[in-house]
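Asks: can you look at this prediction? I've put the sequence above it.
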Amino acid sequence: MTSVLWGTTGTAATFAPEVGPLAIGAAALGVGGLLQAAIAARSVRRATPAIRSQTVPWVLGGLAVMVYPLAFYSSMHTAGVAIGTVVSLASAPIASGVLEVLVDRTLPDRRWVLAAALGITGGTLLCLTDAPGGDIGAASVGLGVALGLVAGTSYATYSWAVGHLMRREVPRAAAMGSVFGLGGALLVPVLLVTGAPLLTDGRTLAVGAYMALVPMFLGYVLFGYALTVVPARTATTVTLSEPAVAALLAVLVVGERLPVAGWIGLAIIGGGLVVLSLPRRRGRNTPQDQPITVVAAE
């Protein structure tokens, strides 16, 4: 459901083309993050001692929440929606897996590796069917790719931070509210500086309100629930279905046509989601549950 909501952001943004990517990003996750903090205020107050004991993950998560929307929307604006989306989303599960290996010292299992590979392959194939033409220069594409990598890494970082807090006995609402509240507060100055175009008419204001309330606020509430039952790397891998949702909306709502290669990409993404949803065998430890043992040289 989260991917469905997130997949609507590109279509929604097309209704406010005069609003810059920084304003869209700051409005979407800035307001959405503050709303997360508001509904979780009581839980955050009760969990304040536990959050303070994990200051580094909390601050890193808040900074990542601030960086993600600015980098993500700027990547699409600079390199085109196709390249910006696929780089940002495809790099997130890889960065998430690396974070869990380096920080939490857990190995991803073969199922996650297969699902991530299928999701990345399908997403790439899907997005490249609508690749930008020659009107975007190599320098712009390179900058957009770099911004997409920043977006994917920041997405993985705040997903890991929220999951880390919850594993340290911080309730889900408090973990989400504290991390996204900090990120939302950091985005407020950006919104104040860049957000004037959002107030030009009712249409742009409605776009900003929708982005903040539905995909960002409601979407991340659901994402927080997901992090209580699956590792961050799995949650970020599932959201690789977002380009598929965006493509289907473009076909069904906007009236665009999807080439055969795009439908193949959708099928591959669906295969990755099936792999993740298959029940695990009982009575055996999977590699993702096993800590990495580092043997020091004698």
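Replies: In hand now; what should we look at?

Asks: so where is the stretch 101-250 of the chain shaky, pLDDT-wise?
Replies: For the stretch 101-250 of the chain, the stretches with pLDDT under 70 are 104, 107-108, 119, 123-124, 126-138, 227, 230-250.

Asks: and the closest residue to A27 other than its chain neighbours, how many neighbours?
Replies: Spatial nearest neighbour of A27, excluding adjacent residues (CB to CB, 6 or more residues apart in numbering): G208 at 4.3 Å. (C-beta placed from N, C-alpha, C; glycine too.) With neighbours defined by other CB atoms under 10 Å, the count for G208 comes to 25.

Asks: repeat that for T55.
Replies: T55: 9 neighbours (other CB under 10 Å).

Asks: for it, give its distance to W112.
Replies: Distance, T55 to W112, using CB to CB, to the nearest Å: 29 Å.

Asks: show me what contacts the residue lying closest to G219 once chain neighbours are set aside?
Replies: Spatial nearest neighbour of G219, chain neighbours left out: L5 (4.0 Å); criterion: CB to CB, 6+ apart. L5 makes contacts with 214-215, 218-219, 222, as judged by CB atoms under 8 Å, 6 or more residues apart in numbering.

Asks: pLDDT score for L5?
Replies: We have a pLDDT of 76 for L5.

Asks: make a PyMOL selection of whichever of the contacts of L5 turn out to be buried.
Replies: To isolate the buried ones among these in PyMOL, judged by 16 or more other CB atoms under 10 Å, type:
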select buried, resi 214+215+218+219
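
Asks: take the contacts of L5 and keep only those in strands.
Replies: Judged by DSSP state E, strands contain none of the contacts of L5.

Asks: check which helix or strand G184 maps to.
Replies: Following DSSP states H and E, one finds G184 within helix 172-194.

Asks: which secondary structure elements does the helix or strand following that helix contact?
Replies: Per DSSP H and E, the first helix or strand lying C-terminal to helix 172-194 is helix 202-211. Contacts defined by 3 or more CB pairs under 8 Å, 6 or more residues apart in numbering; DSSP states H and E place helix 202-211 against helix 9-13, helix 21-25.

Asks: hmm, who's touching helix 202-211?
Replies: 9, 12-13, 15-16, 18-19, 23-24, 27-28, 31-32, 195, 197-199.
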